[in-house]
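Asker: Need the 3D shape of this:
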Amino acid sequence: MSLVPSIFGRRSNVFDPFSLEVWDPFEGGFPFSFPQRSDFPSLSANETSSFAHAKVDWKETPTAHVFKADVPGLKKEEVKVEVEDGRVLQISGERSSEREDQTDTWHRVERSSGRFSRRFRLPENAKVEEVKAAMEDGVLTVTVPKVETKSNDVRSINISG
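Answerer: The predicted structure is shown next:
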């Protein structure tokens with residue numbers, strides 16, 4: 001996770017070596033440009049929202065990589081965790097919008113709905129075949145165990161002569 005804050009108070013992923021959200025100079029645009037509506041042709045206007053960027057924390061412990069995603073109000077059936085291309089962890093889901101009744105008058109709508117998807121390039125030490133996920137109180141926890149590293153055993157060699 002990048003420790004470089006953006007000017008808007010959110011953490012930036014521009015310098016994160018494990019993130020797939022890395023600027024591609026051949027796709028045009030400045031690395032800090034905002035996504036345009038045309039970047040998401042499959043989403044209708046009412047599906048784009050701030051929920052599209054589910055907040056995710058990634059920490060590395062001595063035994064695993066642990067991802068915690070805030071997905072309030074979603075059931076585990078509405079969230080999908082996948083490993084693509086051998087080393088890409090994808091967390092995605094969708095929150096449906098509430099049905100509107102023509103007799104209802106809305107005074108404020110702050111809760112967002114729509115699709116979200118976050119992708120993370122896992123490091124070489126990740127055991128992608130042993131990924132586990134659990135959800136509790138609107139927080140999805142994905143645990144990716146790490147390959148045990150061999151300790152460098154140093155052994156003295158007796159010199160003859």
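Asker: Any idea how many residues pack against Gly73?
Answerer: Neighbour count of Gly73, defined by other CB atoms under 10 Å: 10. All C-beta spots, glycine's among them, are computed from the backbone N, C-alpha and C.
Asker: Can you classify it by secondary structure?
Answerer: Here Gly73 is recorded as coil under DSSP: H, G, I helix; E, B strand; the rest coil.
Asker: ok, it touching Arg95?
Answerer: Yes - the criterion here is CB atoms under 8 Å, and Gly73 meets it with Arg95 at 6.5 Å.
Asker: now the strands for the protein?
Answerer: For the chain, the strands defined by DSSP state E occupy 56-60, 64-70, 79-84, 88-95, 114-121, 132-136, 139-145.
Asker: Could you dump those into a markdown table with mean pLDDT, mean neighbour count and distance to Asn158 added?
Answerer: Putting the strands of the chain into a markdown table (pLDDT from 0 to 100; neighbours: other CB atoms under 10 Å; distance: least, CB to CB, whole Å) gives the following:
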| stretch | mean pLDDT | mean neighbour count | distance to Asn158 |
| --- | --- | --- | --- |
| strand 56-60 | 95 | 15 | 40 |
| strand 64-70 | 96 | 18 | 41 |
| strand 79-84 | 94 | 15 | 48 |
| strand 88-95 | 92 | 18 | 48 |
| strand 114-121 | 91 | 18 | 46 |
| strand 132-136 | 96 | 13 | 47 |
| strand 139-145 | 97 | 18 | 39 |
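Asker: Include distance to Thr105 when you put these into CSV, please.
Answerer: Output for these, formatted as CSV (distance: least, CB to CB, whole Å):
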stretch, distance to Thr105
strand 56-60, 36
strand 64-70, 30
strand 79-84, 32
strand 88-95, 23
strand 114-121, 23
strand 132-136, 34
strand 139-145, 34
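Asker: Out of these, which gets nearest to Asp101?
Answerer: For Asp101, the closest of those is strand 88-95, at 19.1 Å, according to CB to CB.
Asker: Look up the pLDDT of Asn13 for me, please.
Answerer: In this prediction, Asn13 carries a pLDDT score of 51.
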